[in-house]
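Trainee: Got a predicted structure plus its sequence, pasted below:
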Amino acid sequence: MSPPVRRFDAIIVGAGGAGMRASLQLAEAGLSVAVLTKVFPTRSHTVAAQGGIGASLGNMSEDSWLWHMYDTIKGSDWLGDQDAIEYMCKMAPKVVYELEHFGMPFDRNPDGTIYQRPFGGHSANFGEKAVQRACAAADRTGHALVHTLYQRNVRARTQFFVEWMALDLVRDADGEVLGVVALEMETGEVMVLQAKATVFATGGAGRIFAASTNAFINTGDGLGMAARAGIPLEDMEMWQFHPTGVAGAGVLITEGVRGEGGILLNSNGERFMERYAPNLKDLASRDVVSRSMDQEIKEGRGCGPEKDHVLLKLDHLGPEVIIKRLPSIREIAIKFANVDPIREPIPVVPTIHYQMGGIPTNVHGQVVAPAGGSPNEIVPGFYAAGECACVSVHGANRLGTNSLLDIVVFGRAAGDFIVAQNLKAQAHKPLPRDAADRSLARLARLDGAKSGERVPDVANALRKEMQAHCGVYRNQELLSEGVRKVMELDERSKRVAIADHSRTFNTARVEALELDNLMETAKATIVSAEARRESRGAQARSDYPSRDDVNWLKHTLWYSEGNRLDYKPVNLKPLTVDSFPPKARTY
Amino acid sequence: MMDDRRLARLRWRCRRGMLENDLVLGRFLDARGASITEDDMALLDRLLDMTDTDLWDLIAGRAEPDDATLAPMVKALRTS
């Protein structure tokens, strides 16, 4: 039996910053827009972004979008596409002022302008000196952004489908995307939501790693759906680590702790960062600290019974400093590590934080894939923006504060592009007869499985293997073994069973469906990482320690079908300015 | 009698935008699970309506609930 169909001009999957910025453009233009979201919009993971949104407003000292562009390209270790980076950095002041007009409560200078704070990697005059470029709303910038956009969307009459999970893309024989099949959690009903434009803004898949700062909802649903529909995933080997996540929990300990004087120790009680970064020591950049910690652990100087973490020591700062300046960190340590940092050090590990790769798009948010001799042929009707997309502005490593910028700029760009298509004048294409078949088969298998492995067991095993084989430092032996283990888990994931077959808010069923998406993302990540035999940005290979521009200045494309790889060139040609040719990335 | 569907809904609504809240709420549900009372479900439901940052401020003890009837549930989450 075919599920019921509802039709809209546009569907957006995901109600974080990217999804709601896109939906706002569409709803304000009078299109019928449905936004599907697993959780209430203001509970999307965008709320966890604290740092700020980068824009060269120049409110603190002279700044320019070209300097921001340079910092972004350098941060990306030259894997970012320079057309997209130019577009984003040029648009940044405009989108920030737009948010200001929407009522977003930015921190301000005494003269009333938006205050901008310093951030690692932000420089003036092409790396000459630091510049203050991060616009923030206290330490709640993501939260303020999401609330501002939600209010505007309610005003524009965007239709939200809250607690709905998209299961699969609907693609017809021409390859055009016609919407999604989705599950309403409250009723367990499946429905086809048809649209003339389908936008994925589903966020990242940080839950494929055991040590992750990401919320539980970040299961890479959009990536899984795209991969199953034959669309490649780009640069999935590139994941940013945060050096100090609480071991075993993932909760982030902000860099500010080391700024206040916190130091990292190995099992010998040695302050090991003195060896790796004699000048900056514990205050070296994220990737340097993460790699040093990983090396200490791999060489047997980790702490605890499993020797699997290092220690962040604060007690020498004294109780007053800790209570006064780091109260939230103390709370996190007590709650998630069971230690009071006034007396004991906090166990920490490098922790997955951000996914640079994703669904390949152009600057209009249009999803692109190789076809007919072009590496970037448009997939009609399909768009993606935000962490699930790879446009690619982050390349091999994201510059701080560019994640919030990315979601606002490209969510908006996708919205504007779709509005210009005059969808109201177009009819819906006929749906293919088998539109919902894949989703229905997945659900039928789960409902029919009488016995099998538990979903959390397979998901946890996957996270463990990804952490062990695709962590900070990678090498051929680890990765090859990791690929084998992940492929074994892929087979096991096809045989999972759930005990609960109820229809209403069946979290077990949702988690089984999410597992399929975690699997696609994990395969894409480890297969891409295994093949890239160089070190660039977040991909750190101990067996190939240097960047290799001759062979590897190219984007990875992973296809689920056949588990195969392809590559496409990096776009080193900006839209209007001269190219920034690759050079060594030193700070 | 306990309403299974209500608990199921509550369980899903414990999926949040911030990992901190995911972890604390998960531990709370694992400990209480099916033995949670109707009254406690109602209190938790009200807390789950809060935004993640505000909820975390309550759990982390940086804020107190406006409504004193929520205090016992906040206390339970603080010790979860």
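Mentor: Received it, and whenever you're ready, just let me know what you need.

Trainee: Could you pick out the residues of chain B near chain A for me?
Mentor: Remark: the part of chain B in contact with chain A comprises B:4-5, B:8-9, B:11-13, B:15-20, B:22-24, B:26, B:51-53, B:59-62, using Cβ under 8 Å from any Cβ of the partner chain. Backbone N, C-alpha and C define where each C-beta goes, glycine included.

Trainee: please redo it, this time with the cut-off set to 7 Å
Mentor: B:5, B:8-9, B:11-12, B:15-20, B:22-23, B:51-53, B:60-61 (Cβ under 7 Å from any Cβ of the partner chain).

Trainee: For ChimeraX, write the selection for the buried entries among these.
Mentor: A single ChimeraX command selects the buried members of the residues of chain B next to chain A (16 or more other Cβ atoms under 10 Å in any protein chain shown):
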select /B:8,9,11,12,15,16,17,18,19,20,22,23,51,52,53,60
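
Trainee: Inside strands: which ones of the residues of chain B next to chain A?
Mentor: Members of the residues of chain B next to chain A lying in strands (criterion: DSSP state E): none.

Trainee: So which residues of the stretch 1-150 of chain A form strands?
Mentor: According to DSSP state E, counting those that start in this stretch, the stretch 1-150 of chain A carries its strands in the segments A:5-13, A:33-37, A:53-54, A:116-117, A:123-124, A:129-130, A:134-135.

Trainee: Pairing partners for the fourth one, with directions?
Mentor: Meaning strand A:116-117. strand A:134-135 (antiparallel) (DSSP bridges).

Trainee: What distance do you get for residue A:532 to residue A:556?
Mentor: With distances taken as Cβ to Cβ, to the nearest Å, residue A:532 is found 6 Å from residue A:556.

Trainee: Give the residues shared as contacts by the two.
Mentor: Between them, residue A:532 and residue A:556 share these contacting residues under Cβ atoms under 7 Å, 6 or more residues apart in numbering or on different chains: residue A:237.

Trainee: biggest helix in the chain by residues?
Mentor: Since no chain was named, I'll use chain A. helix A:507-531 (DSSP state H).

Trainee: let's do chain B instead
Mentor: Longest helix of chain B, by residue count under DSSP H: helix B:19-32.

Trainee: Show me what it is in contact with.
Mentor: Here helix B:19-32 makes contact (Cβ under 7 Å, 6+ apart) with A:213-216, A:249-251, A:336, B:11, B:14-16, B:52, B:55-56, B:59, B:76-77, B:80.

Trainee: same check, this time on stretch A:545-561
Mentor: The contact list for stretch A:545-561, computed with Cβ under 7 Å, 6+ apart, reads A:77-78, A:227-228, A:230, A:232-237, A:360, A:370, A:392, A:520, A:524, A:527-528, A:532, A:534-536, A:565-570, A:582.

Trainee: Only the buried residues of the longest helix of chain B, if you could.
Mentor: For helix B:19-32, burial by neighbour count (16+ other Cβ under 10 Å) applies to B:19, B:20, B:21, B:22, B:23, B:24, B:25, B:26, B:28, B:29, B:32.

Trainee: so the very next helix or strand once past it versus helix B:19-32, what angle?
Mentor: As assigned by DSSP states H and E, the chain's next helix or strand after helix B:19-32 is helix B:38-48. Counting by axes from the mean of the first three to the mean of the last three Cα atoms, to 10 degrees, helix B:38-48 lies at 180 degrees to helix B:19-32.

Trainee: buried sites along helix B:38-48?
Mentor: B:40, B:41, B:43, B:44, B:47, B:48.

Trainee: what's the most distant pair in the residues you listed?
Mentor: B:40 and B:48 (12.2 Å; Cβ to Cβ).

Trainee: Please, where are all the helices along the stretch 301-450 of chain A?
Mentor: Secondary structure of the stretch 301-450 of chain A by DSSP state H, counting those that start in this stretch: the helices cover A:319-325, A:327-332, A:402-419, A:437-448.

Trainee: do you know which of those helices lies nearest residue A:176?
Mentor: Comparison of the helices of the stretch 301-450 of chain A against residue A:176 by Cβ to Cβ identifies helix A:402-419 as nearest, at 14.4 Å.

Trainee: May I have the closest one as PDB, with CA atoms only?
Mentor: Output of helix A:402-419 as PDB, limited to C-alpha atoms (Å, rounded to 0.1, in the frame of the first residue of the first chain):
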ATOM      1  CA  ASN A 402      32.900  29.900  10.400                       C
ATOM      2  CA  SER A 403      30.300  27.200  11.300                       C
ATOM      3  CA  LEU A 404      27.600  29.700  12.300                       C
ATOM      4  CA  LEU A 405      28.600  31.900   9.300                       C
ATOM      5  CA  ASP A 406      28.300  28.900   6.900                       C
ATOM      6  CA  ILE A 407      24.800  28.000   8.100                       C
ATOM      7  CA  VAL A 408      23.400  31.500   7.800                       C
ATOM      8  CA  VAL A 409      25.100  32.400   4.500                       C
ATOM      9  CA  PHE A 410      24.400  29.200   2.600                       C
ATOM     10  CA  GLY A 411      20.900  28.600   4.200                       C
ATOM     11  CA  ARG A 412      20.000  32.000   2.900                       C
ATOM     12  CA  ALA A 413      21.700  31.400  -0.500                       C
ATOM     13  CA  ALA A 414      19.800  28.200  -1.000                       C
ATOM     14  CA  GLY A 415      16.500  30.000  -0.100                       C
ATOM     15  CA  ASP A 416      17.200  32.900  -2.500                       C
ATOM     16  CA  PHE A 417      18.100  30.600  -5.300                       C
ATOM     17  CA  ILE A 418      14.900  28.500  -4.800                       C
ATOM     18  CA  VAL A 419      12.800  31.600  -4.600                       C
END
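
Trainee: Could you list the buried residues of that helix?
Mentor: Using 16+ other Cβ under 10 Å as the test for burial, helix A:402-419 gives A:402-415, A:417-419.

Trainee: Check stretch A:5-20 too.
Mentor: Of the residues in stretch A:5-20, A:5, A:7-20 count as buried by neighbour count, 16+ other Cβ under 10 Å.
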